[in-house]
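Participant: Below is the sequence, then the predicted model.
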Amino acid sequence: MGTRRGGWPVTVVAILLATTGCATGAGPAALSQPSPSVTATPDVRKTALAEAAKSLPAVLSAPGPVACSESDSQWRATAYDESFRTRTATISSTTLAPLLTEIATKVDGEEAFVRSLCGAEGDPGISPVSPDGRRVAIQVDFPSSGDPTHVGWLDLSTGTFTDLTDRSNKKGYVKETFSDKDPGFAPDGSFWFRRDSQQYFSADPNGRLTPRRLSLACFSNRDEDTFYRVVRSVAVLCPGIVHPSGRFAADPGGVAVGMALVQGAELDILTNTVERYADAPIQLPFGMKVAVRDGGDLRDCNPVAWINTTDLLCAGASNDFYTVEIDPRTARDDLEYVQSTEVKVKAEIAPATETAIISVAVSRDRRSLIIAADENNDTSTAKLYRASLISPSKPVEIGPIPAESREHFTLLGNYQQPVRAASGVRRP
C-alpha cells in the first residue's frame, strides 16, 4: 500500500473524500484528488549517448566476427558468435542520429556523420572511435560543395562536440578558413585528420594540433575509399598490409619477370615520408618487388593481410586465397633501381572458384579466413564459409548471411596487425 508524505494511506484518503462529499475546488481546505499518472518523456539525447557509450566498445571489442550493412545511408555494425547465429552486440548510425543532427545544426552544416566501423570495403583504416570508447570522430559537410568541411569529436560521457576546424579558423580583418576531413583516432588515442586535402594533423585531448608526415609507402595506389592508418606518428595509405614490424608494407603492383608481368607486391619502406601530398616526388622510392611462383608458373598475388611476421595472405586471380612466406629482411631501404625476387606458395587456403566473393575477413585470432560468397553475387542467398589459416583444408560452410545484415553486407576485415612502438621517421 502506497503512503503519501505525512503517513496517510492513499486508500484512506479516497474513503474520506467519498464519505464527506469533498470535491476538488470546494475551498482552500479541500483535499485534492490524486492526479493521473504522467509518463516521463525520455531524454532522446541522453538515451543516444548512453546507448552509444555502451554499444560502440562492445562491438569493437567483440571476440567474434563483425558484419556491417547499410540502408538509406545509415549503417549498422553487428557482432556475432562464431556461427553467425547469435548477436552479441550491435550499434547503428541511427542511434547517433539525434546527436549528429544537433551537431550539424550547431555549426550550420548540412550533415554530420560517423564512418561505418567496417569502412567502405572492410578495412576502416584509422578508427572512428577512440581506444577507450569515449569519443567518436565526426565530420560535418555543408550545403555547398565549395564550403569547407569540419571535423571534431563527440564526447559520449558529456555530449560535448569539439569542433577543431572552427578553432583553427581565423576571423577578423584577415580571415583564414580550413577544410578538414577524414577524422579518426590513432592507437594512442590522438585524434587525426587531413587538412585541405594535403597535410595530416593530430590533436591531443585539449585540441592542440601537431602537423604530421605522410609515408610514401603505397602512395601510387592511394584510393579515396581506403582510409589511412597511423603507424608511429606517420599516416600510411595502405592500412591492412603494413607488416607487424611497422617497417614496411606489401604494396600491390605489377612485377616484371622476364617477358611476363604478374600481380605481386612491392615492399615499401614506411619511413620514406613527406609533409604534404604535393611534396611527393615523381619518382617514388624503390621497394623490393615480390612475385609468386607456383611450381613452374607465375601466380597473381593481391596482398590481403599479414597473418604473422612472415606469412602474407594473397588473393589470386580466380577468387582463390593462399599464403606465401616472405623474409622481412627482403624489404630494403637501399635500392637504387627496380629489383625483384620470387617466393613460393606456402599453403592453399581456399581454392579457385567461379562463385563471386562478396566480402572476406581474417578472424581476430588470425587463425581463420571468413568468406562470404554467392554465384550470383547476391547477399540474400550468399553463404558464409570458414577456411583455416593454421591447418589449411577445404572451406567449411557456416551458414547464410544473417538477414539483418544482408543489405550492402561487409565484414570487418581485421587485416591490420598491431605494430610495436619504435623510433621516428626518415625525412628525405
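Facilitator: That came through fine.

Participant: which ones are touching residue 47?
Facilitator: For residue 47, the contact set (Cβ atoms under 8 Å, 6 or more residues apart in numbering) is empty. Placement of C-beta: from N, CA and C, glycine included.

Participant: what's the spacing between it and residue 248?
Facilitator: 46 Å (Cβ to Cβ, to the nearest Å).

Participant: How about residue 101?
Facilitator: 43 Å.

Participant: quick one, which of the two is more surrounded?
Facilitator: residue 248 (24 against 12; other Cβ atoms under 10 Å).

Participant: quick one: contacts for that one?
Facilitator: 217, 242, 267-270, 287, 328, 331.

Participant: If we use 6 Å, what do you get?
Facilitator: Each residue near residue 248 by Cβ atoms under 6 Å, 6 or more residues apart in numbering is listed here: 267-269, 331.

Participant: if I look at the spatially closest residue to residue 315 that is not a sequence neighbour, how far off is residue 357?
Facilitator: Among residues not flanking residue 315 along the chain, residue 302 sits closest, at 4.4 Å (Cβ to Cβ, 6 or more residues apart in numbering). Noted for residue 302: a distance of 11 Å to residue 357, by Cβ to Cβ.

Participant: Okay, and the nearest residue to residue 288 once chain neighbours are set aside sits in which element?
Facilitator: Once flanking residues are discounted, residue 288 sits nearest to residue 267: 4.7 Å by Cβ to Cβ, 6+ apart. Assigned by DSSP states H and E, residue 267 belongs to strand 260-269.

Participant: tell me what the following helix or strand past that strand is packed against?
Facilitator: Per DSSP H and E, strand 260-269 leads on to strand 273-274 as the next helix or strand towards the C-terminus. Secondary-structure packing of strand 273-274 (3 or more Cβ pairs under 6 Å, 6 or more residues apart in numbering; DSSP states H and E): strand 209-215.

Participant: Partner strands of whatever helix or strand comes next after the strand it packs on and their direction?
Facilitator: Going down the chain from strand 209-215, the next helix or strand is strand 229-231, by DSSP H and E. Using DSSP bridges, the strands paired with strand 229-231 are strand 234-236 (antiparallel).

Participant: What mean pLDDT does the strand it pairs with get?
Facilitator: Averaged over strand 234-236, pLDDT sits at 97.

Participant: and what of stretch 149-158?
Facilitator: So the average pLDDT for stretch 149-158 ends up being 96.

Participant: Residues contacting that stretch, please?
Facilitator: Taking Cβ under 6 Å, 6+ apart as the rule, stretch 149-158 contacts 49, 52-53, 107, 134-141, 161-165, 179-181, 183, 191, 193.

Participant: buried residues in that stretch?
Facilitator: Neighbour-count burial for stretch 149-158, counted by 16 or more other Cβ atoms under 10 Å, picks out 149-156.

Participant: What of stretch 336-348?
Facilitator: Within stretch 336-348, judged by 16+ other Cβ under 10 Å, the buried ones are 343, 345-348.

Participant: And stretch 65-74, by the same measure?
Facilitator: So, applying 16+ other Cβ under 10 Å, buried residues of stretch 65-74: 65-70.

Participant: what do you get for stretch 370-386?
Facilitator: For stretch 370-386, by 16+ other Cβ under 10 Å, it's 370-374, 379, 382-386.

Participant: just stretch 49-63 next, same as before
Facilitator: Buried residues in stretch 49-63 (16+ other Cβ under 10 Å): 49, 52-53, 55-57, 59-60, 62.
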